[in-house]
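1. Quick one: sequence plus predicted model below, questions after.
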Amino acid sequence: MEVRGLNDLIVFKYDNKGVLLTDNDKGALPTNFGKDGLFRIDLQSSKGATQANFTGLNRTTTRIYGSNAAAETSTGVYQVSGTFGANDIPHDIFDSLLGLEKDKDLGFGSKVTSKTSDTYGGVIAHSFNPNVGVDLYFALPYGTLASGGDLNLGTNTENENVVHDAFTLTALARPSDGLVYEKFYSDESGFDFNKMIDFITKGTVSGASSRPSGSPTSH
């Protein structure tokens, strides 16, 4: 199906047990569309989402040889990741996505200690097919969030550099059911936006996993 552009991104975080964070005092993202713990990156909140690039959606199949012939195949794990961007995400939202913590000096810091853990979360990207009026939602329900790259500040003789926001999500297999990614289409019978949100954000059980997305299989 053809899709055009990027309408918005929905982002959310989990605690270290894999439970959706909904309490702002415990690190949850403030909501801007009535869903506790979920923040929508769009034109109104962030001057627009700019990219949602997904890679590694196919597993690699390798031939295994024996007796001078291809005897079987081995299918590797998914290596799914997403790179996301926006023009101007509020700094408290963006820093929270990266796992930075507000300290007593009112700064947002990143520390490496024995108690430091990855920042777990998920992303739902929303696009649209104008030919048939269908919304596409592409979800990475569970993974680790990180910065999208270096921070380069500067200017030249005419203009200052404009630095936009970027972050990544490395997808993991959801502990409850092994789900790595899922697509939703608004024209499917029974599609319901609220049910989709609940399925994606509340399907993770306790015991956050750090294993790679998917598991290798042989045939």
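-> Now that the structure is in, tell me what you want to look at. Numbering: from 1, shown residues only.
2. Which stretches in this structure count as helices?
-> Counting by DSSP state H, the chain has helices at residues 43-46, 91-97, 193-202.
3. In the first one, which residues are buried?
-> Within helix 43-46, the residues that count as buried by 16 or more other CB atoms under 10 Å are 45-46. From N, CA and C alone the C-beta is placed, and that goes for glycine too.
4. Give me the contact list for it.
-> Contact with helix 43-46 is made by 8, 32, 39, 86-90, 165, as judged by CB atoms under 8 Å, 6 or more residues apart in numbering.
5. and that helix, C-alpha only, in CSV?
-> Extracted in CSV, the C-alpha atoms of helix 43-46 (Å, rounded to 0.1, in the frame of the first residue of the first chain):
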residue,chain,number,x,y,z
LEU,A,43,3.0,19.7,14.4
GLN,A,44,1.3,21.2,17.4
SER,A,45,3.6,19.7,20.1
SER,A,46,7.0,19.6,18.3
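6. Any chance of the backbone angles for the residue with the largest distance to the centre of the chain?
-> What lies farthest from the middle of the chain is residue 67; by CA atoms, centre = their mean that is 44.5 Å. Residue 67 adopts backbone torsions of phi 50, psi 40, taken as degrees, to the nearest 10.
7. Let me see the contact set for it.
-> Applying CB under 8 Å, 6+ apart, no residues contact residue 67.
8. got any ranges where this structure has weak pLDDT?
-> Counting by pLDDT under 70, the ranges of the chain that qualify are 102-105, 107-117, 150-153, 157, 204-219.
9. switch to 80 and redo it
-> The chain contains residues with pLDDT under 80 at 100-117, 148-163, 203-219.
10. what's the longest strand in it?
-> For the chain, the strand reaching the highest residue count under DSSP state E is reported as strand 134-147.
11. If any of the contacts of helix 43-46 are buried, put those into a PyMOL selection.
-> If you want just the buried ones from those in PyMOL, going by 16+ other CB under 10 Å, the selection is:
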select buried, resi 8+32+39+86+89+90+165
